[in-house]
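Asker: coordinates for the following, if possible.
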Amino acid sequence: MLEQTRTIPPQSTRRSIGMLALGALLGLVIAGYGLFTAKGTRSEGVPPEAMALVNGLPILRSDFMTQVQTQFATAFARSTSEQRRKVLADMIAEELLVQRGLEIDLSSYDPDVRAAMVAGVELEVAADVLAEQPSEPQLRDYYERHKAKYVSEGVMRLREIVSRATGSVSLAQATSSAQEAVNALRAGQPLEAVMQRYDLVDSGRLMDAGRVDTGDILEFAVKEKLGTEIYGVARGLRAGQTSDTIRQRDGARVIVMVQRRMPVQQDYTAAADQVWTDYKNDALARVRTANIRYLRSRAAITLSDDARSLEAAPR
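Answerer: Numbering: from 1, shown residues only. Sure, this is the predicted structure:
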């Protein structure tokens, strides 16, 4: 007797396969949840070079070992578990605080944080320059190219006297009196007597403790006190010389150079330390300028109208 074959409807087959797939997927989800939430499974994801991950960012094992040795002044191998535990806790706390600072954009309103970040980035960029040790030929070449920088500061002992133009004395009259004083001084007459005779007074710009400074003054200080124009006249004088009259709106001025020690060119040996410092500073400045230029080239910077006018202004 022939056995009859039972036919399974296609619709029932598809339903059975769907149920099996759903069951398999649910099993994978449950297994995955158990795998990633079980106690101790997170440590398996820490890379070998790290001691821990804080929100995915590593605390490097090398940094941890260095910190233990630095903080407790002992070799890492001789440090105790308690010491290591403390350092690790401190490093995790520090990382959490740093991440929080970035999260709230602390640098945008705390000037100290902002300054520290700027200094840190500049230090990173300048690391190669700071590590470089320039050779003797490089330093000598730098000295030759910047020789004018290595001149000892000159010293002046001088008086700036002025014949003032007032309501009763015209500028022309004041200039005439100043010229007569110049002639008398060049003839060898005493300064104080000439000032009294021709009604000249100290300008009041060379003062020290409320009195006219009649002592030695470094040239840079003279330039600062008298300004570029009058200093330019003074630097052309030697000891015992008197300038021509210098006509200005308030009267006519005269420079009397009492004593003068001229600037002296320093040779390479005398200037070597300063040459080394200047060489390094110039190299750092070049690196910083190049880095800022690069950062600006890849940044989106939008300027206000007045800021654009500043950028376009001649330098």
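
Asker: tell me which element the residue most central in space within the chain falls in.
Answerer: Closest to where the C-alpha atoms of the chain average out (C-alpha atoms, centre = their mean) is Ala119, at 7.6 Å. Assigned by DSSP states H and E, Ala119 belongs to helix 111-125.

Asker: got the buried residues for whatever helix or strand comes next after that helix?
Answerer: Using DSSP H and E, the next helix or strand after helix 111-125 towards the C-terminus is helix 127-131. Going by neighbour count (16 or more other C-beta atoms under 10 Å), the buried part of helix 127-131 is Val129. (Glycine included, C-beta is placed from N, CA and C.)

Asker: stretch 87-94 too?
Answerer: Val87, Leu88, Met91.

Asker: and it, how far from the chain's centre?
Answerer: How far stretch 87-94 lies from its chain's middle: 31 Å, per C-alpha atoms, centre = their mean, to the nearest Å.

Asker: contacting residues around it?
Answerer: Met51, Ala52, Val54, Ile59, Asp63, Phe64, Gln67, Val68, Gln71 (C-beta atoms under 8 Å, 6 or more residues apart in numbering).

Asker: and what of stretch 55-72?
Answerer: 46-53, 74-76, 79, 83-84, 87-88, 90-92, 95, 99.

Asker: show the buried residues in those.
Answerer: Ala50, Met51, Ala52, Leu53, Ser79, Arg84, Val87, Leu88, Met91, Glu95.

Asker: need the strands for this structure, in chain order.
Answerer: With strands called from DSSP state E, the chain shows them at 50-54, 57-60, 155-164, 201-202, 207-208, 211-212, 217-218, 246-248, 251-261.

Asker: so where's this protein shaky on pLDDT?
Answerer: 1-44 (pLDDT under 70).

Asker: what's the lengthiest helix in it packed up against?
Answerer: With secondary structure taken from DSSP state H, the chain has its longest helix at helix 268-297. If you count contacts as 3 or more C-beta pairs under 8 Å, 6 or more residues apart in numbering; DSSP states H and E, helix 268-297 packs onto helix 111-125, helix 127-131, helix 136-145.

Asker: could you export those helices as TSV, including distance to Arg286?
Answerer: Below are the helices and strands packed on helix 268-297 laid out as TSV (distance: least, C-beta to C-beta, whole Å):
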stretch	distance to Arg286
helix 111-125	11
helix 127-131	8
helix 136-145	13
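
Asker: tell me the domain ranges of the protein?
Answerer: Split into domains by automatic domain parsing, the chain comes to 44-127, 155-261.

Asker: comparing these, which comes out most buried?
Answerer: domain 155-261 (a mean of 16; mean count of other C-beta atoms under 10 Å).

Asker: what's the spacing between it and its chain's center?
Answerer: Taking C-alpha atoms, centre = their mean, the mean C-alpha location of domain 155-261 is offset from the chain mean by 40 Å.
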